[in-house]
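Visitor: Following is a predicted model, sequence given first.
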Amino acid sequence: MLQLATRDGSPAPAAGLDHSPLAIRGLTVSYGEKPAVFSVDMTVQPGAMTAIIGPNGAGKSTLLKAALGIIRPLSGQVTVLGRSLDAQRARIAYVPQRASVDWDFPTHVMDVVLMGLNRELGLLGRVRAWHKARAMDCLRRVGMQDFADRQIGQLSGGQQQRVFLARALAQDAELYLLDEPFAGVDAATEKAIISVLKALKDAGKTVVAVHHDLSTVADYFDNVFLINTRKVAEGPVSEVFTAGNLQAAYGGRLATAQVDQLSALPA
Ligand code: ADP
Ligand code: MG
């Protein structure tokens, strides 16, 4: 990451901090005695795709939830586009980890996507034809336009994931946070999701995704953020996605297939 020196030689704040889509400073989150995320700094680069990578239990989901204000941190600050999280909540869209959603909840696909329009609908707002048209357009962008009337629980995992992505698209946010968007989806869905995310990036949006498949990191992402409770490294894939940093993040917990992939990476 670019670091500017000040005139007196003291370290300057990280470049772009003020306008970073998401800047986290000194974040510590704890559910019990042991912190799940400890003293983490993160500066997300605008208009880029960033992968959050680390082993199970590393605090990846917790980091996203704290960034969204879903969990209260023990300490630390989160700013979104240079302002407090409270002021900017509407500019962040979130696709939760699939395992965390109750899929038996009797809701139709269209209703899920319309939730992305809550800000426009307001508390008492009636759903108008144009809201539905916009929701349909978002379903089309993820290839799910024919499923608007289905119950969400009747869809495959990949289809459910696309619907939640459509909900995030409906929100028309600046910053998209996704928790393992490719986990348990079929290859066609993975392709559909990545092309939607790349289109968001091309439109100048910022995408941050928890990602578990090390083999696609270089293909899909510009930057990586490696975490194991503490931050391990952060920066462009070409500089930071190295065998040494992965070993530091995963310790001895890399699967054999992942170790094989490491040999193709810079040390
Ligand atoms: P990751 O997404 O990297 O797998 P998480 O952020 O889900 O990791 O979890 C980090 C740590 O916090 C883990 O040890 C996990 O067991 C714990 N944890 C996560 N959510 C809760 C919770 N709601 N209550 C208690 N402990 C939790
Ligand atoms: Mg997780």
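Guide: Thanks, I have it. Ligands and ions are numbered 1, 2, ... in the order given.

Visitor: Write out the residues of the stretch 51-200 of the chain neighbouring ligand 1.
Guide: Neighbours of ligand 1 within the stretch 51-200 of the chain, by C-beta under 6 Å from any ligand atom: 54, 56, 57, 58, 59, 60, 61, 62. For glycine as for every other residue, the C-beta is placed from the backbone atoms N, C-alpha and C.

Visitor: quick one: the second one from residue 70, how far?
Guide: Counting by C-beta to C-beta, to the nearest Å, the separation of residue 56 from residue 70 is 20 Å.

Visitor: more crowded one of those two?
Guide: Remark: of residue 56 and residue 70, residue 70 carries more neighbours, 12 against 8, as counted by other C-beta atoms under 10 Å.

Visitor: per-residue confidence for the closest residue to residue 86 other than its chain neighbours?
Guide: Counting by C-beta to C-beta, 6 or more residues apart in numbering, residue 86 lies nearest to residue 69, which is 7.3 Å off, once chain neighbours are set aside. With respect to pLDDT, residue 69 scores 92.

Visitor: Equivalent analysis for the one 3 residues further on, please.
Guide: Looking at residue 72, its pLDDT reads 93.

Visitor: go on, the one 10 residues further on?
Guide: According to the per-residue confidence, residue 82 scores 92 in pLDDT.

Visitor: just the strands in the stretch 151-267 of the chain please.
Guide: 175-179, 206-210, 223-228, 230-236 (DSSP state E, counting those that start in this stretch).

Visitor: Any chance of these in a markdown table with distance to residue 26 and mean neighbour count as columns?
Guide: Compiled in a markdown table, the strands of the stretch 151-267 of the chain are given as follows (distance: least, C-beta to C-beta, whole Å; neighbours: other C-beta atoms under 10 Å):
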| stretch | distance to residue 26 | mean neighbour count |
| --- | --- | --- |
| strand 175-179 | 20 | 24 |
| strand 206-210 | 19 | 25 |
| strand 223-228 | 15 | 24 |
| strand 230-236 | 11 | 19 |
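
Visitor: Just send those back as TSV, with mean pLDDT too.
Guide: As requested, the strands of the stretch 151-267 of the chain are exported to TSV (pLDDT from 0 to 100):
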stretch	mean pLDDT
strand 175-179	97
strand 206-210	98
strand 223-228	98
strand 230-236	98
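
Visitor: can you tell me if stretch 23-31 touches ligand 1.
Guide: Yes. Using C-beta under 6 Å from any ligand atom, stretch 23-31 comes into contact with ligand 1 via residue 31.

Visitor: Could I get the buried residue list for that stretch?
Guide: 23, 24, 25, 27, 28, 29 (16 or more other C-beta atoms under 10 Å).

Visitor: okay if I get these as JSON lines plus secondary structure and pLDDT?
Guide: What follows is the buried residues of stretch 23-31, written out as JSON lines (DSSP: H, G, I helix; E, B strand; the rest coil; pLDDT from 0 to 100):
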{"residue": "23", "secondary structure": "strand", "pLDDT": "97"}
{"residue": "24", "secondary structure": "strand", "pLDDT": "97"}
{"residue": "25", "secondary structure": "strand", "pLDDT": "97"}
{"residue": "27", "secondary structure": "strand", "pLDDT": "98"}
{"residue": "28", "secondary structure": "strand", "pLDDT": "98"}
{"residue": "29", "secondary structure": "strand", "pLDDT": "98"}
